[in-house]
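Chemist: this is a predicted model, with the sequence first.
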Amino acid sequence: MQTFLSTLPMRAKVLLAATLAIVVGITAMIWVIASQVYQDAERVGKARAYEQTESYAKQIEANFAQGFMLPKHLADAVMGLKGGNFPDRKTLDQMIMKLLGGFPDASGLWMLMEANALDGKDAEYAKDWPRHDPTGRYMPYITRSGDKVAQDVMLGSKQQAEAEPFRTNPTGYKPRYEESGWGIFTLYLNRVSAIL
């Protein structure tokens, strides 16, 4: 029995071998070119993704840096005022509201002073509920709602109910912010926190 190739004339065999070599060569060339194009596209894509990631990271770092500047400005301003004629609490409230108004990305600003560290008048403010808690400490809670910046209450309804028994005896009141593990800051002479 004769095979198909043995029955073909020599010319057809040469033509078949050349065609097969050309198809294999072109296929190999296309595969090499496609692999190089893919690798180049992958390298360029990774480089662009890295550049975008770096750009986003820098934007986020800048946002955090700007946000951390707000409480630092507040602390510096209050400590600077403490050296000379210290304004009353209402004037400080207005100053803090103005400061928050200058930082449109911040949604609020809160400051907490140690007992009698601001003006020594905590006892006078101990019954100024709900703007103060029974300690009377200076702790303005300034918030932003849209374009409006205002002082908010320090004690919500639940906290007011918990603090009510201490209205007549504020010395027995222990605020939650003095408990271990509350908040993200450590006790200092002055505490400043920004809500971003």
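Modeler: Nice, I can see it.
Chemist: am I right that S107 is in contact with Y141?
Modeler: No: counting by C-beta atoms under 8 Å, S107 does not reach Y141; the two are 11.8 Å apart. The way it works is simple: take the backbone N, C-alpha and C, and place the C-beta from them, glycine included.
Chemist: more crowded one of the two?
Modeler: Y141 (20 against 13; other C-beta atoms under 10 Å).
Chemist: quick one, strands of this protein?
Modeler: 108-113, 141-145, 148-152, 190-195 (DSSP state E).
Chemist: what packs against the first one?
Modeler: Packing contacts for strand 108-113, counted by 3 or more C-beta pairs under 8 Å, 6 or more residues apart in numbering; DSSP states H and E, involve helix 10-82, helix 89-101, strand 141-145, strand 190-195.
Chemist: deepest in the core, which of the strands of the chain is it.
Modeler: Among the strands of the chain, ranked by average contacts under mean count of other C-beta atoms under 10 Å, first place goes to strand 108-113 (a mean of 21).
Chemist: quick one, it and helix 89-101 angle?
Modeler: 140 degrees (axes from the mean of the first three to the mean of the last three C-alpha atoms, to 10 degrees).
Chemist: partners of strand 108-113, with directions?
Modeler: strand 141-145 (antiparallel), strand 190-195 (antiparallel) (DSSP bridges).
Chemist: what's the least confident stretch among those strands?
Modeler: Mean pLDDT values for these show the minimum at strand 190-195, a mean of 42.
Chemist: do you know how far the residue nearest to the spatial centre of the chain is from A57?
Modeler: Among the residues of the chain, the one closest to the centroid is F64, at 5.9 Å (C-alpha atoms, centre = their mean). In this view, F64 and A57 are 11 Å apart by C-beta to C-beta, to the nearest Å.
Chemist: in the chain, what spans have low per-residue confidence?
Modeler: For the chain, the stretches with pLDDT under 70 are 1-2, 83-84, 181-196.
Chemist: can I see the domain layout of it?
Modeler: 4-59, 68-195 (automatic domain parsing).
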